[in-house]
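Enquirer: Pasting a predicted model and its sequence here:
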Amino acid sequence: MGLRTSGAIASRIARGRCPGLERWVFSMKTMLLTGCLMMASVGAASADPAPGPAANRAAIDAQIEKSYPALDALYRDIHAHPEIGMQEVRTAALLASKMKAMGFTVTEKVGGTGVVAIYRNGPGPTVMVRTELDGLPMEEKTGLPYASRAQTEYEGKMTFVAQSCGHDVHMAAWIGTAQALLAMKSQWKGTLMFIAQPAEEQLKGAKAMLDDGLFTRFAKPDYGFAAHVGSGETGTVLVKDGVTSSNSDSLQITFKGRGGHGSMPSATIDPIVMGAHFVTDVQTVISRQKDANAFGVVTVGAFQAGTVGNIIPDTATLKLSLRSFDKDVRQLLLDGVKRTAEASAAMSMAPAPDVTWLHGTAAVFNDHALAERAAAELKAAGGDRITYVPATAPGWSASEDWSAFVDAGVPSVYFTIGGYDAATLAAFKAKGEAVPSNHSPFFAPDHDKAIRTGIRTLTLAVLMVTTPK
Ligand SMILES: [Zn+2]
Ligand SMILES: [Zn+2]
């Protein structure tokens, strides 16, 4: 998933809405004004060890200090050896072995290459924590010493592979979260259901795991949590209420003409003309049929037809990506694309085109009550700057098949964590350049802090729902 919008929200924070910073300034003033009182109360606070979010965070940070060198090595290993969706054999085995070593009951090959790791710790809720396993079919150009040079066969062609979406950060944070929760197991009750999901980039791994009995062979979780690193500042966490990512639909359209000589077009039916009409006309679905206030995108990302200038080909094949937040808008786009394609063909007296839905996923909706509660818990814990983004704000235009778990009835929160240190962001800004986003060949997050924030966020969220009242 790409998280351009996390940068936009981060800049909103930079423009002056930074409640964490305000609180910090306020508390510093309070400390200066009431120095003696504070000195006296320090002893009182340390004499009261009642666990709460701040004490939990201190315990998590202590565990991170112990586990971080090994997590860093794991991150670099996974980064240097990425695998494409549904081929994540090495990556899955690596995570499975680490979870087994910790005492989890591990089942491999769930939904292809997926891993399910269960840890029971008395009566209580079942909580799912997910990482993705897959890399992307692209060449990494970061120049990092542990950059990937891996190649594999994908859709019939050889391609480079890279962890350019940050799923390597998520995997290290996933292991670190399990370690922190086990170190604190006297504090919580319930069942951990840690899952490592294949093929998120292809938006099909979550469904593959569900179709393979994830919620029937194991358990249907009471809560679900996941986090994605983006191009915001490290040490920031966005907790979005309501719609979080977009509906995504990938379509293929094949216009069927009649080929012939380029000098005799009247003897042919030209599929390139049909496709060209379609590419421009389909944008009226966005500009004239969709509510102007509703988010919706139709992109024609591929147009393949013909070989040389003097041959009119038989067919033209187009590939499209549709995005929306609202389910009615999603249907309006799907209907509008099909209608426009059929009209373009009818104008040329051609047969109806083949319109094929390739794959897609629904928008992620974070649970309102759980998102509010998680934001409050994370803020109370301190350590990271937490921004609660209300349901009325738009989600990100990227898409995520985490929605498959949400739509299967699991109340969930999908967090967004910052990936670039303030100094890195400032250096890019000074050059007048945007930082490389997820899916850029130059995407190189400051993984050290991002992994730590990921562990804190996910561990605090699990403790929030598993700590006996
Ligand atoms: Zn991605
Ligand atoms: Zn991703």
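Expert: Structure's in. What do you need? Ligands and ions are numbered 1, 2, ... in the order given.

Enquirer: chain center to stretch 257-274, what's the gap?
Expert: 44 Å (CA atoms, centre = their mean, to the nearest Å).

Enquirer: again but with stretch 379-397, I slipped
Expert: Using CA atoms, centre = their mean, the distance between the centre of stretch 379-397 and that of its chain works out at 15 Å.

Enquirer: And for stretch 459-469?
Expert: Mean-position distance between stretch 459-469 and its chain equals 23 Å (CA atoms, centre = their mean).

Enquirer: Name the residues of that stretch that come out as buried.
Expert: Of the residues in stretch 459-469, those buried by neighbour count under the rule 16 or more other CB atoms under 10 Å are Thr459, Leu460, Ala461, Val462, Leu463, Met464, Val465, Thr466, Thr467. In short, each C-beta sits where N, CA and C put it, glycine included.

Enquirer: and which of those is nearest to Arg288?
Expert: Top of the list for closeness to Arg288, among the buried residues of stretch 459-469 and by CB to CB, is Ala461 at 43.1 Å.

Enquirer: Who are the packing partners of the helix or strand hosting that closest one?
Expert: Per DSSP states H and E: Ala461 is located in helix 447-466. Counting contacts by 3 or more CB pairs under 8 Å, 6 or more residues apart in numbering; DSSP states H and E, helix 447-466 packs against helix 53-80, strand 126-132, helix 167-183, strand 190-197, strand 223-229, strand 236-240, helix 368-381, strand 412-417.

Enquirer: Output the contacting helices and strands for the host helix or strand of His359.
Expert: When secondary structure is defined using DSSP H and E, the element that contains His359 is strand 354-361. In terms of contacts (3+ CB pairs under 8 Å, 6+ apart), strand 354-361 is packed against strand 247-256, helix 327-347.

Enquirer: got the residues of the stretch 151-300 of the chain near ligand 2?
Expert: If contact is defined as CB under 5 Å from the ion, the residues of the stretch 151-300 of the chain in contact with ligand 2 are Cys165.

Enquirer: Now do the same contact list for the nearest residue to Glu377 once chain neighbours are set aside.
Expert: Using CB to CB, 6 or more residues apart in numbering and skipping the chain neighbours, the partner closest in space to Glu377 is Met464 (4.7 Å). With contacts defined as CB atoms under 8 Å, 6 or more residues apart in numbering, Met464 is in contact with Pro53, Arg373, Ala374, Glu377.

Enquirer: Which single residue in the stretch 151-300 of the chain comes nearest to ligand 2?
Expert: For the stretch 151-300 of the chain, the residue closest to ligand 2 is Cys165, as judged by CB to the ion, at 3.5 Å.

Enquirer: Could you do the stretch 351-469 of the chain as well?
Expert: Nearest to ligand 2, among the residues of the stretch 351-469 of the chain, is Asn438, at 6.1 Å (CB to the ion).

Enquirer: Please tell me how far that residue sits from Gly230.
Expert: Asn438 is 6 Å from Gly230, where distance means CB to CB, to the nearest Å.

Enquirer: and what of Ala267?
Expert: Taking CB to CB as the criterion, Ala267 is separated from Gly230 by 54 Å.

Enquirer: which of those two has more neighbours?
Expert: When Ala267 is set against Gly230 and neighbours are counted by other CB atoms under 10 Å, the residue ahead is Gly230, at 30 against 11.

Enquirer: Report the separation between that one and Ser440.
Expert: According to CB to CB, Gly230 and Ser440 sit 12 Å apart.

Enquirer: Can you work out which residues contact both of the two?
Expert: In contact with both Gly230 and Ser440: no residue, using CB under 8 Å, 6+ apart.

Enquirer: I'd like the average pLDDT over the helix or strand that the strand holding His359 is followed by.
Expert: If you walk from strand 354-361 toward the C-terminus, the next helix or strand you reach (DSSP H and E) is strand 365-366. pLDDT averaged over strand 365-366 equals 98, rounded to a whole number.

Enquirer: so what secondary structure elements neighbour strand 365-366?
Expert: Partner elements for strand 365-366 (3+ CB pairs under 8 Å, 6+ apart): strand 242-243, strand 412-417.

Enquirer: Identify the residue of this structure closest to ligand 1, quick one.
Expert: Sorted by distance to ligand 1 under CB to the ion, the residues of the chain start with Cys165, at 3.2 Å.

Enquirer: and that residue, that one's in a helix?
Expert: No: with DSSP: H, G, I helix; E, B strand; the rest coil as the criterion, Cys165 is assigned coil and is not in a helix.

Enquirer: That one against Ser231, yeah?
Expert: No: in this structure, Cys165 is not within contact of Ser231 by CB atoms under 8 Å, at 11.4 Å.

Enquirer: got any residues that touch both of the two?
Expert: By the contact definition CB under 8 Å, 6+ apart, Cys165 and Ser231 are jointly contacted by Asn438, Phe443.

Enquirer: before we move on, back to that, burial count for the residue of the chain closest to ligand 1?
Expert: Other residues near Cys165 come to 28 when the count uses other CB under 10 Å.

Enquirer: Serialize the helices and strands packed on helix 447-466 to a markdown table and add fields for mean neighbour count.
Expert: What follows is the helices and strands packed on helix 447-466, written out as a markdown table (neighbours: other CB atoms under 10 Å):
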| stretch | mean neighbour count |
| --- | --- |
| helix 53-80 | 18 |
| strand 126-132 | 26 |
| helix 167-183 | 26 |
| strand 190-197 | 26 |
| strand 223-229 | 27 |
| strand 236-240 | 26 |
| helix 368-381 | 19 |
| strand 412-417 | 27 |
